[in-house]
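Trainee: give me a model of this one.
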Amino acid sequence: MYSVFEQGQRYRVRYLHRYDFTRRNTYQRLRANIFVKQSGWELPIDKRGRERDHYDEMDEDRVQIACVYGRYGYKEYLLGGVRIHNLGNWNESMVVNEFHHIGMLPLSVVDLLKEHHDATDFLEISRLCLWRGRAYETPEREGKIPSFQPSVARDLIYAAMFAQVEQTKRKQLLFIADRYYLQVLRRSHFVLEELYFYPQGGKRGYSLVVLDFLASLVALEKVGAYDQVRRILSLHT
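Mentor: Prediction:
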């Protein structure tokens, strides 16, 4: 767990243990809201409102789930999270398997990816999601909860990802991004390559992306995004 005080609020980064059921359930419900209800992805939601799959149950030396929380009083409020997969081979990849099988990626793209890239060069990023908006709707007895900053939560999610880049020595991230988030990454000067795009998937379309994290940090520094770089490096070992 890592704690930081930023812009008058307390934030925490947690890597969720596989038996931390309460926090994991909350994160999986946020995923259901973001990816299925808002983005229109065809993913199953269980009777408890969770979007979950077998990758959530993989050993923690292969798959890490990192979440960011806003701390107020004695309570924590989930602001966002990400799942980081230290790929051993392409048979473990969600991109190559699930995203292909549900029709989001054609076989030609999968074959080119496997032919020209080694799975062990990548960290596969999935289920990156962020609470939309600053305020929480809470019971009246809790009173007013101060606003948490989405930009701070976002950068701390990136910090958890960069910590895994450092630990695994894999600087390239592989993931599916909807078109809106891809635009955000481009405007933020992240260094990335689109391997495939589908302009009318879901509600906004999506792309298969490779992002170079170290090159992105250099690019962010060049444009003067010093606060963002500082946050991303906050878990630096």
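Trainee: all contacts plus neighbour counts: C-alpha atoms, from now on.
Mentor: Will do.
Trainee: may I ask you to name the longest helix in the protein?
Mentor: Counting residues, the longest helix found in the chain (DSSP state H) is helix 150-168.
Trainee: residues contacting residue 226?
Mentor: Counting by C-alpha atoms under 8 Å, 6 or more residues apart in numbering, residue 226 touches residue 220.
Trainee: give me the below-cutoff pLDDT ranges for the chain.
Mentor: Scanning the chain with the threshold set as pLDDT under 70 gives 133-146, 200-204, 237.
Trainee: ranges for the helices of it?
Mentor: Here the chain has its helices, by DSSP H, at 21-31, 98-101, 107-116, 150-168, 179-187, 213-222, 226-232.
Trainee: buried sites along the first one?
Mentor: Of the residues in helix 21-31, those with enough neighbours to count as buried (16 or more other C-alpha atoms under 10 Å) are 23-25, 27-31.
Trainee: ok, and the closest non-adjacent residue to the residue nearest the centre of the chain?
Mentor: Residue closest to the average C-alpha location in the chain (C-alpha atoms, centre = their mean): residue 128, at 2.3 Å. In this structure, residue 128 finds its nearest non-sequential neighbour in residue 82, 4.1 Å apart by C-alpha to C-alpha, 6 or more residues apart in numbering.
Trainee: same deal with residue 212?
Mentor: Nearest residue to residue 212 in three dimensions, chain neighbours excluded: residue 172, at 4.7 Å (C-alpha to C-alpha, 6+ apart).
Trainee: that neighbour touches residue 216, doesn't it?
Mentor: No: using C-alpha atoms under 8 Å, residue 172 is not in contact with residue 216; the gap is 10.4 Å.
Trainee: for the longest strand along the chain, packing partners?
Mentor: Longest strand of the chain, by residue count under DSSP state E: strand 75-86. The contact analysis (3 or more C-alpha pairs under 8 Å, 6 or more residues apart in numbering; DSSP states H and E) places strand 75-86 against helix 21-31, strand 63-72, strand 122-130, helix 150-168.
Trainee: go again with 6 Å.
Mentor: strand 63-72, strand 122-130 (3 or more C-alpha pairs under 6 Å, 6 or more residues apart in numbering; DSSP states H and E).
Trainee: now do the phi/psi pair for residue 117.
Mentor: Dihedral pair for residue 117: phi -140, psi 150, per degrees, to the nearest 10.
Trainee: who touches residue 235 in this structure?
Mentor: Neighbour list for residue 235: empty [criterion: C-alpha atoms under 6 Å, 6 or more residues apart in numbering].
Trainee: against residue 72, how distant is the residue nearest to the centre of the chain?
Mentor: The gap separating residue 128 from residue 72 is 23 Å, by C-alpha to C-alpha, to the nearest Å.
Trainee: before we move on, the earlier item: how close does the residue nearest to residue 128 sit to residue 165?
Mentor: Distance of residue 82 to residue 165, given as C-alpha to C-alpha: 14 Å.
Trainee: one more: residue 57?
Mentor: 21 Å.
Trainee: the two: which is more packed in?
Mentor: residue 165 (20 against 11; other C-alpha atoms under 10 Å).
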